[in-house]
Structure formats: C-alpha cells, structure tokens
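K.L.:
coordinates only, sequence not included:
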C-alpha cells in the first residue's frame with residue numbers, strides 16, 4: 001500500500017493528554033466526514049474542521065510507496081528537528097516522497113538514534129513520538145506502517161474521529177500506543193475505548209454525557225475554535241468545573257504560534 005501525506009513536521013503536541021510533548025506529526029490526506037473543500041463544508045458531517053488535509057503539498061508531504069519509506073522520512077524529520085542548533089525551518093521540514101524513497105534504499109542514509117537518547121533503555125516516556133492525524137488517518141494507517149514506525153524507534157499515537165476500525169494485527173489495537181478519539185455529532189462511533197476521548201465543545205448531538213460511560217483513560221473538553229471561541233472556552237471551563245471527570249484541553253500550539 002502507498003501513503004498520501006499532506007505534511008510531515010516536528011513540533012510540540014498542542015492539545016490533549018500529550019500536550020507539550022515533542023512529536024513528529026504525520027498528517028494524512030483525506031477524510032470520511034468532509035472533502036476538505038470549502039464549497040462542501042455546509043454539506044459535511046464535520047463542519048468545523050480547522051485543518052488543511054487536501055493534497056500532498058505541505059512541508060515534508062508527498063506520496064510514499066512503502067511503509068518503510070514513510071517511517072524513514074518521519075525519522076529524518078525527528079533527527080533534524082531534535083538536533084541542537086537546527087532552525088525552525090529544519091524542524092518542520094521533511095523530505096517528500098521521491099526523496100525519501102531514494103534515501104530509504106541507500107544504506108549510507110541510515111539514521112541512528114541521537115546519542116543523547118541511546119541510554120533511555122527503551123523507556124516509553126523518552127522514545128520519540130509520531131502522531132498520525134489527518135483528515136482521518138485510519139483511511140490509510142495500517143499494520144505494516146505501525147510496525148515500520150516502531151522499527152524506526154517511534155511510539156505511535158493516532159488522532160481519529162472514531163468512525164473506522166483500528167488496523168488489524170497480532171498486537172492489541174494494531175500496535176498503536178496511544179489512541180485519541182474525537183467524536184463528531186452525526187457520525188457513528190465505532191471506537192469506544194482508548195487512552196483519550198477529546199470532545200470538541202459544544203456540539204449539539206455530541207454532548208459529553210453521551211460518552212462519559214465509555215472506557216477511556218482520559219476525558220478532555222476542547223473549546224471549538226472560531227468566532228465564538230471565547231464563549232465556547234467559558235462554557236468548557238464551566239462544564240469541567242461541574243463535572244471533574246472532564247479536563248480542559250486548549251490548543252496551545254495556536255497560542256504559541258507553532259505548527
């Protein structure tokens with residue numbers, strides 16, 4: 001299977017349970033709840049998406065013929081971004097599909113774990129993280145790619161709308177280390193367990209009480225962005241105060257002005 005990636009970049013996770021953690025973001029093209037075209041937004045199931053996931057023209061984006069090529073490209077982005085002295089452009093820039101394919105086949109381009117990480121003993125808290133997002137990543141993420149990311153040294157996280165099944169494989173959850181589900185009103189929820197349920201709030205038809213009984217380790221309310229962001233933030237704060245099982249998630253990357 002080949003993979004179409006909008007962008008591949010290194011930054012800090014801005015929201016949810018891994019807020020503040022450095023990660024490579026692998027944003028896949030395509031979504032099953034919206035085409036990504038502005039003219040289709042009012043007909044979409046999800047009408048508030050704030051992400052461009054159309055095409056492969058973003059930083060590090062491209063078409064990758066194999067799982068190994070994409071994992072190699074992600075590792076290059078991590079090494080470049082986590083190297084002292086790298087500028088911001090280097091931190092968010094990665095090789096496109098054709099360049100990554102050439103490098104993945106060249107033994108001279110093999111990338112080793114930076115020395116400062118070699119003594120971690122495999123600690124999950126210190127292994128680099130790749131976040132598979134979109135669009136909807138489960139349209140493309142499969143067991144071979146999860147395995148390739150693991151072989152490259154990554155922990156694998158996913159941010160999904162929860163309407164599609166996780167990859168099938170010998171490991172539970174297809175080997176994915178962190179599952180974040182963000183339900184959308186009007187969309188059937190297939191994934192009903194995971195590490196994190198992150199609900200954009202408010203959403204008529206997707207009230208928090210619909211999900212609070214599900215076996216997720218963490219529950220987050222994230223104020224819906226847009227013209228009513230201040231009002232939505234106040235509503236989310238109020239709800240979290242009245243229902244302490246829920247925690248507030250803010251899009252800190254937007255506050256910081258980073259990808």
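P.N.:
Nice, I can see it. Note that the structure is predicted; figures quoted are calculated from it, not measured. Numbers count the residues shown, from 1 in each chain.

K.L.:
now residue 130, what's its secondary structure?
P.N.:
strand (DSSP: H, G, I helix; E, B strand; the rest coil).

K.L.:
ok, now which ones touch it?
P.N.:
23, 24, 25, 26, 74, 78, 149, 154, 155, 156, 157 (C-beta atoms under 8 Å, 6 or more residues apart in numbering). C-betas here are computed from N, CA, C, even on glycine.

K.L.:
rerun at 10 Å
P.N.:
Neighbouring residues of residue 130 by C-beta atoms under 10 Å, 6 or more residues apart in numbering: 8, 10, 23-26, 70-71, 74-75, 77-78, 145-146, 149-150, 152-158, 177.

K.L.:
residue 189 now?
P.N.:
Residue 189 sits in contact with 161, 162, 163, 181, 183, 197, 206, 210, 211, 214, where contact means C-beta under 10 Å, 6+ apart.

K.L.:
all helices of this structure, in order?
P.N.:
67-81, 88-92, 97-104, 143-152, 229-242, 252-256 (DSSP state H).

K.L.:
can I get the ones you listed in a markdown table with mean pLDDT and distance to residue 223?
P.N.:
Shown next, in a markdown table, are the helices of the chain (pLDDT from 0 to 100; distance: least, C-beta to C-beta, whole Å):
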| stretch | mean pLDDT | distance to residue 223 |
| --- | --- | --- |
| helix 67-81 | 97 | 28 |
| helix 88-92 | 49 | 25 |
| helix 97-104 | 52 | 36 |
| helix 143-152 | 97 | 31 |
| helix 229-242 | 98 | 4 |
| helix 252-256 | 95 | 11 |
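
K.L.:
take those helices and lay them out in JSON lines including mean neighbour count.
P.N.:
JSON lines is the format used below for those (neighbours: other C-beta atoms under 10 Å):
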{"stretch": "helix 67-81", "mean neighbour count": "25"}
{"stretch": "helix 88-92", "mean neighbour count": "15"}
{"stretch": "helix 97-104", "mean neighbour count": "19"}
{"stretch": "helix 143-152", "mean neighbour count": "21"}
{"stretch": "helix 229-242", "mean neighbour count": "14"}
{"stretch": "helix 252-256", "mean neighbour count": "13"}
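
K.L.:
now these as a markdown table including distance to residue 192?
P.N.:
A markdown table is the format used below for those (distance: least, C-beta to C-beta, whole Å):
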| stretch | distance to residue 192 |
| --- | --- |
| helix 67-81 | 27 |
| helix 88-92 | 34 |
| helix 97-104 | 35 |
| helix 143-152 | 20 |
| helix 229-242 | 21 |
| helix 252-256 | 28 |
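
K.L.:
residues in contact with stretch 30-38?
P.N.:
With C-beta under 10 Å, 6+ apart, stretch 30-38 has contacts from 4, 6, 29, 40-41, 43-49, 51-55, 134-140, 161, 163-164, 184, 186-187.

K.L.:
mind listing what's buried in that stretch?
P.N.:
Residues of stretch 30-38 classed as buried: 30, 31, 32, 33, 34, 36 (neighbour count, 16 or more other C-beta atoms under 10 Å).

K.L.:
nearest to residue 241, of those?
P.N.:
Of all these, residue 33 has the smallest distance to residue 241: 30.5 Å, by C-beta to C-beta.

K.L.:
I'd like to know how far the closest one sits from residue 156.
P.N.:
Distance, residue 33 to residue 156, using C-beta to C-beta, to the nearest Å: 22 Å.

K.L.:
do the same with residue 227
P.N.:
35 Å.

K.L.:
ok, residue 29 - contacts?
P.N.:
Per C-beta under 10 Å, 6+ apart, neighbours of residue 29: 3-7, 36, 52-58, 61, 63, 134-136, 139-140.

K.L.:
narrow the contacts of stretch 30-38 to just the buried residues.
P.N.:
Of these, these count as buried by 16+ other C-beta under 10 Å: 4, 6, 29, 44, 46, 49, 53-54, 134-138, 140, 161, 163, 184, 187.

K.L.:
before I go, just wanted to say thanks for your time.
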